[in-house]
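>>> Test case, fold it:
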Amino acid sequence: MEDCIFCKIVKNEIPSIKIYEADKVLAFLDINPHNKGHTLVITKDHHETFDKLPKDILTDMIKVTQNVAKAVVEATSCHGFNIIMNNHKSAGQLVPHVHFHVVPRFDKDGVAGRWKTKKYDEGEMNEYAKGIKKRL
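Got it, this is the predicted structure:
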C-alpha cells in the first residue's frame, strides 16, 4: 500500500533498525518504544488485520514473534514481556498493517498493562458463547 509507513520500511524507503528479515516477515525496533528493546514483527506484504492474514504467513509470523520474544528477553534482561496486536482503530491500531508488538516489561516500569474488566448480565455470557461458536 502506497501510504503505509510499514510498507515503506519494508521497501527501505524509511530507515529502521532491523532485527530479523525473511521472505514474508520483518522485525525491527519500534521508534517510540514502551521500553527499550520494544520490537515490531510485521508482514512484508500489506495485510491490515489479523483476521485477513493468510494462514501460511500467520504461521511464519507467529514463529518469528516467538523467536523475537526469546531474544528480547535475553537481550534486555526484562522481568516479563507482552505480545500485543491491535486490530482496527477502535482497538488501538495506529498503523493499518498487521503487526505484533514484543514489549519487554520490568517491575514498576510504569507501562500500563491492566485492562478494565466488565461484567456480563445474567444469561448474556451464554448468548455470546453461542454466537461465537456458531461462526467457527
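>>> Report how many residues lie close to Met1.
Per other CB atoms under 10 Å, the neighbour tally for Met1 reads 13. Where you see a C-beta, it was placed from the backbone N, CA and C, and this is true even at glycine.
>>> pLDDT wise, what is it at?
pLDDT, Met1: 70.
>>> oh, and call the first residue 280 from now on, that's how I've got it
Yes, from this point I'll number from 280; that puts the last item at Met280.
>>> how close does Thr355 get to Val347?
12 Å (CB to CB, to the nearest Å).
>>> Strands along this protein, start to end?
297-300, 304-308, 318-322, 359-363, 378-384 (DSSP state E).
>>> returning to what we had before: what about Thr355 and Val347, which has more around it?
Set side by side, Thr355 and Val347 show more neighbours around Val347, with 21 against 17, by other CB under 10 Å.
>>> show me what contacts the more buried one?
Contacts here follow CB atoms under 8 Å, 6 or more residues apart in numbering; on that basis Val347 touches 298-299, 306, 318, 320, 381.
>>> do you know how far it is from Leu373?
Going from Val347 to Leu373 by CB to CB gives 20 Å.
>>> Is it possible to mark the buried ones in the contacts of Val347?
Among those, the ones that count as buried by 16 or more other CB atoms under 10 Å are 298, 306, 318, 320, 381.
>>> Please name the bridge partners of Ile362.
When bridges are called by DSSP bridges, Ile362 pairs up with Val381.
>>> the longest helix in the chain is where?
helix 334-355 (DSSP state H).
>>> I'd like the buried ones among the contacts of Val347 as a markdown table, with distance to Asn361 and pLDDT appended.
Formatted as a markdown table, these follow (distance: CB to CB, whole Å; pLDDT from 0 to 100):
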| residue | distance to Asn361 | pLDDT |
| --- | --- | --- |
| Ile298 | 17 | 96 |
| Ala306 | 15 | 98 |
| Thr318 | 11 | 97 |
| Val320 | 13 | 98 |
| Val381 | 8 | 97 |
